[in-house]
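1. Next come a sequence and a model predicted from it.
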Amino acid sequence: MHIPLFGKSLDTLFLIAGPCVIESEAHAMKMAEAIRVEAEKVGLPYIFKASYDKANRSSIHSFRGLGMEEGLRVLQKIRETQGVPVLTDIHDTEQAAIAAEVADVIQIPAFLSRQTDLLVAAARTGRTVNVKKGQFMAPWDMKNVVEKIRHAGGAQGIDPWLTERGATFGYNNLVVDMRGFPIMREYGCPVVYDVTHSIQRPGGLGTASAGDSQFIEPMARAGVGCGVDGIFMEVHDDPANALSDGPNALPLDRLPALLRQLRAIDEIRRSAA
């Protein structure tokens, strides 16, 4: 599938990975370099991701990030020093144009995936727009999201990326319906699997989210086998002490083996297609 961000039709999986939130400049730089090196070893195009502000935390006391100005400065530095595209979230229409000055990919959080004004503002920046599928939305609901962005993008020919991150299943639990991947690919957009958020247990710790990181590898392998274009993972060198989403983050030392597995599965799938 043609991925304009990379300037060509990719014949391999691409990777979106990084810590949940920018904890500090030093930590973000360290993670960006470490993940880039591992992605290059297996030949996967890589996009660094991290949020400058986590606006939808369970508790008022949760760490939200460094703020927009400082966060974008850090992302710009990573973009320049590591030579990789960067992705970050926006939460209101006024943030779109500002974030677009730095971010190669503007991400719409799952809880905001139906917010028309936000989608339109993101599309009008001309940047790639990655929309997280709401936990309350069916795969076929995302066709309307695609139409909003294509309409707003106009002559720029904006096609969003659609990211699966699980559907609410009772309280504090998510499940992933793998049928959603081929369904969403029918809309002609790249489809991404956010594997680490799909094993999250939202609000499971009362004032923070819990997670089951032991399931990251099998779920990631299943998603790539289903034919996703990209894989999204929150990766941290010390999840136990992460300032956000540590319980569902992939420990950095488990990343190399998983990337080798995912690249191998992707190659087999493409050769058999």
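-> In hand now; what should we look at? Residues are numbered from 1 along each chain as shown.
2. partners of the longest strand belonging to the chain, with directions?
-> Criterion DSSP state E: the longest strand present in the chain is strand 230-236. Sheet pairing for strand 230-236, assigned by DSSP bridges, gives strand 14-18 (parallel), strand 191-194 (parallel), strand 250-251 (parallel).
3. Dump the ones you listed to a markdown table, plus mean pLDDT.
-> Formatted as a markdown table, the strands paired with strand 230-236 follow (pLDDT from 0 to 100):
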| stretch | mean pLDDT |
| --- | --- |
| strand 14-18 | 98 |
| strand 191-194 | 98 |
| strand 250-251 | 97 |
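4. Relative to residue 269, which of those strands is closest?
-> Closest to residue 269 of the strands paired with strand 230-236 is strand 191-194 (C-beta to C-beta; 13.3 Å). Just so you know, the C-beta spots here come from the backbone N, C-alpha and C atoms, and that holds for glycine as well.
5. How far off centre is the helix or strand following that closest one?
-> Scanning forward in sequence from strand 191-194 by DSSP states H and E, the next helix or strand is helix 195-198. Centre-to-centre, helix 195-198 and its host chain are 9 Å apart (C-alpha atoms, centre = their mean, to the nearest Å).
6. what does helix 195-198 contact?
-> Identification of contacts with helix 195-198 by C-beta atoms under 8 Å, 6 or more residues apart in numbering yields 110, 132, 164-166, 174, 176, 211, 213, 216, 219-220, 223, 231-235, 245, 248-250.
7. Repeat that for stretch 61-68.
-> Applying C-beta under 8 Å, 6+ apart, the contact partners of stretch 61-68 are 21-24, 51-55, 57, 71, 74, 95, 98-99, 207-208, 243-244.
8. 6 Å - rerun?
-> 21-22, 51-54, 71, 243-244 (C-beta atoms under 6 Å, 6 or more residues apart in numbering).
9. buried set for it?
-> 64-66, 68 (16 or more other C-beta atoms under 10 Å).
10. Ends of stretch 113-127, what's the gap?
-> Taking C-alpha to C-alpha, to the nearest Å, stretch 113-127 runs 17 Å from one end to the other.
11. what is the mean pLDDT for that stretch?
-> In this model, stretch 113-127 has a mean pLDDT of 95.
12. Check the offset of that stretch from the chain's centre.
-> So, by C-alpha atoms, centre = their mean, the centroid of stretch 113-127 is 17 Å from its chain's centroid.
13. Looking at the contacts of helix 195-198, which are in helices?
-> 216, 219-220, 223 (DSSP state H).
14. Out of those, flag the one nearest to residue 160.
-> residue 223 (18.5 Å).
15. so that closest one touches residue 192, yeah?
-> No. Residue 223 is not in contact with residue 192 according to C-beta atoms under 6 Å; the separation is 9.1 Å.
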